[in-house]
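In: Got a predicted model here, sequence first, then my questions.
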Number of protein chains: 2
Amino acid sequence: MYPPANQKLTIALDAMGGDCAPNCVIEGADEARRLYPDINFIIYGDEAKCLPLLKRHPGLERVSKFVHTHDAVPDDEKPSIAIRQRQNSSMSLAIKAVKTNEAAGAVSAGNTGALMAMAKIQLRTLPGIDRPAIGGVLPTKRGNCVMLDLGANVSCDENNLFEFAVMGDAFARALLKIKSPSIGILNIGSEEMKGNEVVRNAAALLRESELNLNFHGHVEGNDICEGIVDVIVTDGFSGNIALKTVEGTAKMLAMFLKEAFKSNILSYIGAMLAKPALAKLFKKVDPSMHNGAMFLGLNGIIVKSHGSTNALGFANAIKVAIELAKNGINQKIIEEMVKSGHIPAAE
Amino acid sequence: MYPPANQKLTIALDAMGGDCAPNCVIEGADEARRLYPDINFIIYGDEAKCLPLLKRHPGLERVSKFVHTHDAVPDDEKPSIAIRQRQNSSMSLAIKAVKTNEAAGAVSAGNTGALMAMAKIQLRTLPGIDRPAIGGVLPTKRGNCVMLDLGANVSCDENNLFEFAVMGDAFARALLKIKSPSIGILNIGSEEMKGNEVVRNAAALLRESELNLNFHGHVEGNDICEGIVDVIVTDGFSGNIALKTVEGTAKMLAMFLKEAFKSNILSYIGAMLAKPALAKLFKKVDPSMHNGAMFLGLNGIIVKSHGSTNALGFANAIKVAIELAKNGINQKIIEEMVKSGHIPAAE
């Protein structure tokens, strides 16, 4: 399932997904190629649209295999329709490349629901994992944290949250290179008795588990950006709301800041003087720098890029797929699931 | 229940709740007194601690009645204990003043759970309201919005959310002076079929309601600060997480901004030049400017101040209580509940 150490990694790309496809995909891939010269790509898309772009990036063209398909999954298509009618779409073929081990991972900026549905059917879940979850990276005062689920599962039970914790731990180790990531369950208070039964039971499962997890306990909404823990575990409803609330708050503050700098001539000069330092600040919270969410718990690496990302953001999503593949994210999850007794060692 | 138009409003204050009580309470009350010279106060607290402070604010002393009690609710006391053992606490007496119509509203920065439990028992819920909810104000790109529930109800059904929408509408009209506030239900997608059954059913109830509510539909986490709607309706779990996530993100960005300005001498000079404009920005998102959450749905106005607020924040919580009392928040809720058919007109 994982390429041998001496073999080049290949990443499959859905060139037709996302608001500025295929441009952002091709340009993002070229950007990623510069950072990772040891990577090959298989690019799935419409040749009329993709080949002229690819020609403009000869460095990328050299390390890529292009596969033509004229079918693509529309953004608003229902997942149930997509899985039946889009088997030859760029999205479906990119997933298939992971299934057949042609690629170590696939990246798409297309329809999230369709991508998850197709990936589940083609790749199936990892042994012991009941439900896949979407895991992503958020900025914090102390660096970065990972959070899951970001929206795949509207409601969850304690076993789902326990599995998310195991997957989140492996995700933080593989992607953020944290040795023993601290794990928190998102709740409305830090005390043990706070919240609903699901989060309390999940916390009990984690406290009593024989896995060597670094379980911190409950965390609150403000603890996410505070960087109190490395892994935030929550159901897909709260996780999606928390993620988007971070994004919305950051956007609002960026707008207020711009308004403040434009409000008078002294502020404007001040902004010019502070520009390089402010650029660093904005980079820290730039959504494209945190782009790339993994569908954790599937038998293969599928990374979802934000649909409205730019080339830099798509490059970052590719980076996520490469790092997770290189660091054997799924082997890490399976090892933990075996240790936890959720799956027999032989499996 | 509401003071006649020609009578001065009285607000009851729990002087012993919050991290810097009674100082912040007394100083905050003096600040509020300057803004609202037509208000009287009843202050409940320990005379040994409060009277020397009150002496230092003769303007406040003139419009206040002080009632001594040596009992106060500790921050970490369980609500079930507090309701049995703290009937003579400053918190309980402040609520009682609302019950007996001595005060038009009460403000406390003390133990939230105890305040809610005591208020529920003493004041009871408004006719037709099944569960009280905590409603508060958040900054947005376009001004302010209100959100409820912020943590009183961990799980809710569609009828609860419907009632929250009615209460949130009245809250926004009374506090933000918005004529026909737009209402959104917090969800993980804006489409009708997104989310769980509860939010979908609540949306259907609101769409089909004969009330003249300005129902927008589903909103997402990023729409909160975007200011897409004036009223965000959600259960207490998601609402608490969203509120605290906004706070945490704003704090993180403020820290990054300070770091950026300190990172080199040019940035530092830039910050000095932009200081007045930046001060305005920080005021917009200063939590003390949005302090004061109402326990909506009770037969009386109870406003909860953040426990760690300063005098300015406490003054703002008093302002919330005054505005809600002056604008007849509970009459507005009752009128809507009658119209909705949830309670007979005679009640």
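Out: That came in fine, so what should we check first?

In: Spell out, range by range, the strands that occur in the stretch 51-200 of chain A.
Out: Along the stretch 51-200 of chain A, counting by DSSP state E, counting those that start in this stretch, strands occupy A:64-68, A:105-108, A:133-140, A:143-148, A:182-186.

In: Can you check which of those gets nearest to residue A:21?
Out: strand A:105-108 (9.4 Å; Cβ to Cβ). For every residue, glycine as well, the C-beta is placed using N, CA and C.

In: Only the buried residues of stretch A:163-177, if you could.
Out: For stretch A:163-177, a neighbour-count test (16 or more other Cβ atoms under 10 Å in any protein chain shown) marks A:163-176 as buried.

In: thinking again about what came up before, CSV for the strands of the stretch 51-200 of chain A, including distance to residue A:121 and mean neighbour count?
Out: Output for the strands of the stretch 51-200 of chain A, formatted as CSV (distance: least, Cβ to Cβ, whole Å; neighbours: other Cβ atoms under 10 Å in any protein chain shown):
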stretch, distance to residue A:121, mean neighbour count
strand A:64-68, 20, 17
strand A:105-108, 14, 30
strand A:133-140, 17, 25
strand A:143-148, 21, 24
strand A:182-186, 30, 24
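
In: Let's have those strands in CSV, adding mean pLDDT and distance to chain B.
Out: What follows is the strands of the stretch 51-200 of chain A, written out as CSV (pLDDT from 0 to 100; distance: least, Cβ to the nearest Cβ, whole Å):
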stretch, mean pLDDT, distance to chain B
strand A:64-68, 97, 32
strand A:105-108, 98, 18
strand A:133-140, 96, 7
strand A:143-148, 96, 11
strand A:182-186, 97, 6
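
In: In JSON lines, list those strands along with distance to residue B:301.
Out: Below are the strands of the stretch 51-200 of chain A laid out as JSON lines (distance: least, Cβ to Cβ, whole Å):
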{"stretch": "strand A:64-68", "distance to residue B:301": "66"}
{"stretch": "strand A:105-108", "distance to residue B:301": "52"}
{"stretch": "strand A:133-140", "distance to residue B:301": "38"}
{"stretch": "strand A:143-148", "distance to residue B:301": "37"}
{"stretch": "strand A:182-186", "distance to residue B:301": "32"}
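
In: I'd like to know which of those strands lies nearest to residue B:125.
Out: strand A:182-186 (29.2 Å).

In: Residues contacting that closest one, please?
Out: With Cβ atoms under 8 Å, 6 or more residues apart in numbering or on different chains as the test, strand A:182-186 has contacts from A:147, A:161, A:165, A:168-169, A:199, A:202-203, A:206, A:213-221, A:223-224, A:228-234, A:238-239, A:242, B:241.

In: Of all the strands of the stretch 51-200 of chain A, which one is nearest residue A:114?
Out: strand A:105-108 (9.2 Å).

In: List the strands paired with the closest one, with their directions.
Out: strand A:9-14 (parallel), strand A:301-304 (parallel) (DSSP bridges).

In: now the longest one: how far from the chain's centre is it?
Out: In other words, strand A:9-14. Centroid displacement of strand A:9-14 relative to its chain, using Cα atoms, centre = their mean, to the nearest Å, is 15 Å.

In: neighbouring contacts of that strand?
Out: The contact list for strand A:9-14 (Cβ under 8 Å, 6+ apart) reads A:3, A:25, A:29, A:38-45, A:90-91, A:93-95, A:97-98, A:102-110, A:318, A:321-322, A:325-326.
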